[in-house]
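In: sequence plus predicted model, see below.
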Amino acid sequence: MAWWRQDWIRRLVTSLAVVAVVELMTGPSGSFAAPTTGLIGSYNERVSVYGLFVGRRWMVFLVLALVFFGVWSAWLRWGPRTRASWRSTMATPREMAARRPVRWGFYLVLLVVAGFLPHLVNDPYWQSVLVEQIAVFVLLALGLNVVVGFAGLLDLGFVAFYAIGAYTTAWVTGALPTPAPFGIHLNPFWAIPVAIVFVMVAGILLGTPTLRLRGDYLAIVTLGFGEIITIFANNLYGITGGSYGSGGTSGSHPIPHFSISLGPIHYRWTLAPVPYYYLTLVFVVLFILGFSLLEHSRIGRAWTAIREDEVAAESVGINPLKYKVMAFAIGAASAGFAGVVTASQSNFIFPATFTLQLSINVLVLVIFGGMGSIPGVVAGAVVIQTVSMYLIHTPPAGFQESDLYMYIGALLIVTMIFRPAGLIPSRRRRREIILSEAGEAHADEVLTGDVA
Amino acid sequence: MLEVTNAVVRYGAITALQGISFDVREGEIVTLLGANGAGKSTTLRMLSGLHAPVEGRIVFEGRDVTMTKAHQFMALGIGHVPEGRRIFPQMSVEENLEMGAFARRGSYSDDIERMYAMFPILKDRRKQMGGNLSGGEQQMLAIARALMGRPRLLLLDEPSMGLAPMVVEMIFRIIAEIRGQGTTVFVVEQNAAQALRLADRGYVMENGRIVFDDTAANLLVDPRVRAVYLGEEVEEV
């Protein structure tokens, strides 16, 4: 075999080429007067090499290329064995139970890392991103995952529940033009149960008439519901404050921050994001625990059955409408809580926040992460929101904020080609893919040969 | 056990069942025969609650079930093996069986063992995905799943559809065995010869009506049945 055809040479050349392209893309741009500065500067600009000494860009990128090459080679060398030893796809319940301590240990480590995260990033921008863009979207993705991933219902108006949660908070804390119920202005802590009950009732009210529809029809109706809520918020000046949002009219005041006073403990949340981060983290963990218990419960099995074949589900005694409405209401709960956090943290809410684009954004997180997989949607939300916020915060040359969804779209397409079931697919979907690759379906000869 | 009186089913302007009456007695195997479009599947859809009749009555064990919803039948004691088998494709064989016991509270592991004894092939494939089974295996799984709900009456919609003759024979042997264990069976079939050899009695449908009925043995030699459903040339009667 010719030397240049050897696999490791190809990997090395590919690594160098990928890094060279990245180098060019992130380098300075040229100008009309000096068209070559973009090209040459990308490779030759003086930069600090990891703070060790002042060198050239190509040195930094050579290191990156070698690391990339090393990881790739190591993955090819040891990856299959590692993955085989980790594989839970075809594991029996007993094998899964045996691995439970490892899994829980891993989750505990992740939780500890999440606990230290605001101090690790230690930057005001990223700390507020952690709350407003990551934690809130993790909550939204978790909720939508119940509807789309568990029950298989395409909901394009999920933002409605987020908006209802936020507006309910504004209402019960007395921040809307319409007076708070009984004139009592509640602490946002009390808004949490009220908002969650409200969104769940909204889920039932929307779900009961519409969930008889299937597939595309349901998607269109939910899309409409999302739009209706936004239009209401935008136009009911006397009730919601219209397009000015809460606090836009005279006599209203900002939505207060959370505050707690339990016996000797008195604590007040402020505009600072970190305390909000911890509050949200607690609820994210609670929702994850609750939703995974549900996934493996009788209700979760009914959702799976409905998702796979509704007629068959009915024939074994599952009432599809009842369980679909439950999925809608339960999924809405975490969105409602996300609404409370957003409202309280930012003090004011505006209808412009609750757009169709937000619904689609959340759907992208779920699809990218892996429909029906709780670790998947959390990872999907963290990855996509981090990348988006990074691009917005430190835009590379030529990047504009309006281009963001183009890049996210490209990322989604690439994911669908290489990992069609998402970043961390649910166990069931992994099994499905493995079995369809193995092509184990067979003709009846086997059956008659075995038995007759 | 099951009594249908004068049932009319309409799809919009089209009347699919023009007032049919029949009954199934405890311990019997009753078959409903007819050509494509005669109304066999509609009858079964009506019996399983997927399409309510606009007129008439369905009574099961003395209880009026005319307006009962599809998902309530399993709990009443009527198992349904839908047309086209409709097993859960991405659940394993065992999970499919577990779903069959959904309407029932309490332990069902004994029932799963009973199904494996009745269908040994399902035990071999217990961890395989339903969608990767062969047609015959899927049919067995669909029957086993319906039996997991311990029905007293089992409704089967075209169990022989799309299966090789040898497999069809196996399926029919199993149906006979199920009756032997005390479950009443109502089977809708296009394969009239097989169905009549299995059944005690039969009803023949044409254009949304039941045109005649008799014991299976008589129907097998009935010239009208032989002409239309068994593909034999006979003289005009």
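Out: Structure's in. What do you need?
In: how many neighbours does the residue of chain B found nearest chain A have?
Out: Nearest residue of chain B to chain A: residue B:103, at 2.9 Å (CB to the nearest CB). Using the backbone N, CA and C atoms, a C-beta is placed for each residue, glycine as well. Counted with other CB atoms under 10 Å in any protein chain shown, the neighbours of residue B:103 add up to 21.
In: how about the secondary structure of the most centrally placed residue in chain B?
Out: Centroid-nearest residue in chain B: residue B:156, 1.4 Å away (criterion: CA atoms, centre = their mean). With DSSP: H, G, I helix; E, B strand; the rest coil as the basis, residue B:156 sits in strand.
In: identify the bridge partners of it.
Out: Note on residue B:156: beta-bridge partners by DSSP bridges are residue B:81, residue B:187.
In: can you show me the CA trace of stretch A:127-146 as PDB?
Out: Extracted C-alpha coordinates of stretch A:127-146, given in PDB (Å, rounded to 0.1, in the frame of the first residue of the first chain):
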ATOM      1  CA  GLN A 127     -23.400  33.800  34.600                       C
ATOM      2  CA  SER A 128     -26.500  35.500  33.300                       C
ATOM      3  CA  VAL A 129     -26.500  33.200  30.300                       C
ATOM      4  CA  LEU A 130     -26.500  30.200  32.600                       C
ATOM      5  CA  VAL A 131     -29.800  31.300  34.100                       C
ATOM      6  CA  GLU A 132     -31.600  33.100  31.300                       C
ATOM      7  CA  GLN A 133     -30.400  31.100  28.300                       C
ATOM      8  CA  ILE A 134     -29.400  27.700  29.600                       C
ATOM      9  CA  ALA A 135     -31.300  26.800  32.700                       C
ATOM     10  CA  VAL A 136     -34.600  28.200  31.400                       C
ATOM     11  CA  PHE A 137     -34.100  26.400  28.100                       C
ATOM     12  CA  VAL A 138     -33.200  23.200  29.800                       C
ATOM     13  CA  LEU A 139     -36.600  23.500  31.700                       C
ATOM     14  CA  LEU A 140     -38.400  24.200  28.400                       C
ATOM     15  CA  ALA A 141     -36.700  21.300  26.600                       C
ATOM     16  CA  LEU A 142     -37.500  18.900  29.500                       C
ATOM     17  CA  GLY A 143     -41.100  19.900  29.300                       C
ATOM     18  CA  LEU A 144     -41.400  19.700  25.500                       C
ATOM     19  CA  ASN A 145     -39.600  16.300  25.600                       C
ATOM     20  CA  VAL A 146     -42.500  14.900  27.600                       C
END
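In: tell me the mean pLDDT for that stretch?
Out: Stretch A:127-146 comes out with an average pLDDT of 93.
In: quick one: distance of it to the chain centre.
Out: 6 Å (CA atoms, centre = their mean, to the nearest Å).
In: so the residue nearest to the centre of chain B sits right up against residue B:184, yeah?
Out: No - using CB atoms under 8 Å, residue B:156 is not in contact with residue B:184; the gap is 11.5 Å.
In: nearest spatial neighbour of residue A:407, chain-adjacent residues omitted?
Out: Distances taken as CB to CB, 6 or more residues apart in numbering or on different chains place residue A:391 nearest to residue A:407, at 7.0 Å, with adjacent residues excluded.
In: contacting residues around the one you found?
Out: Listed by CB atoms under 8 Å, 6 or more residues apart in numbering or on different chains, the contact set of residue A:391 reads A:399, A:404, A:407.
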